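Participant: Fold the following for me, if possible:
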Amino acid sequence: MVNAFWLDRDPDLTARWLVDRHVLSSVFECSMVLTTAAQQNGYAEDDPDARDDLYFTHPNHPLTRWAAAHRGNWDALREYTEFAHDEWKRRWDHPPEKVHGSWETVESLDSEAVAALDWPGEPSDPPQVTGGWHADDYVDAYRLYYANEKRHLFEWSGGRSAPPWIDEYARPEAPAGE
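Facilitator: Next comes the predicted model:
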């Protein structure tokens, strides 16, 4: 599944709090979403060679639809992905010049061409792709989801540790309907 785990409004804190597995998956999956969303808005429409170098996947996924709806949404996901990429380098002690191939694809996008696209919608909060865990605030929803559904993945390397809010969001039972 494609997802971005919005554990805080500050993307740097979010990246620090991602479990190891989600640091890497965030770089890979969100890079795919970013290039797909740009293409959905016409990026490289007239240049098949450029499109061949871009990912196109999950066009109807809530995260992709959200990123494609407004330039501000796209920029927020790009920032999230950039911080996840920086965290990937930090956790696995990659040298500063090392660039993950998925992030390199995002960086290859022409920023002026992306800015000039016809973004169709209004800025909005990220979708809550959180199973049955929902809240009025998307950060709360993701914290609930993480603290309860992702416990089996809890592992932080590179001097990182569990977020301080984990116990506050842990629940003894799954949400109703699950």
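Participant: so where do the helices sit in this structure?
Facilitator: Assigned by DSSP state H, the chain shows helices spanning 11-17, 20-40, 48-52, 62-69, 71-91, 101-107, 111-115, 138-149, 166-169.
Participant: What is the fourth one packed up against?
Facilitator: Under the contact criterion of 3 or more Cβ pairs under 8 Å, 6 or more residues apart in numbering; DSSP states H and E, the helices and strands touching helix 62-69 comprise helix 20-40, helix 71-91. Just so you know, the C-beta spots here come from the backbone N, C-alpha and C atoms, and that holds for glycine as well.
Participant: Ok, the shortest one next?
Facilitator: Contact analysis of helix 166-169 by 3+ Cβ pairs under 8 Å, 6+ apart lists helix 138-149 as its packing neighbours.
Participant: tell me the angle of the helix it packs on relative to helix 20-40?
Facilitator: Here helix 138-149 runs at an angle of 140 degrees relative to helix 20-40 (axes from the mean of the first three to the mean of the last three Cα atoms, to 10 degrees).
Participant: quick check: mean pLDDT across helix 138-149?
Facilitator: Helix 138-149 shows an average pLDDT of 98 in the prediction.
Participant: Which of the residues in it are classified as buried?
Facilitator: 138-148 (16 or more other Cβ atoms under 10 Å).
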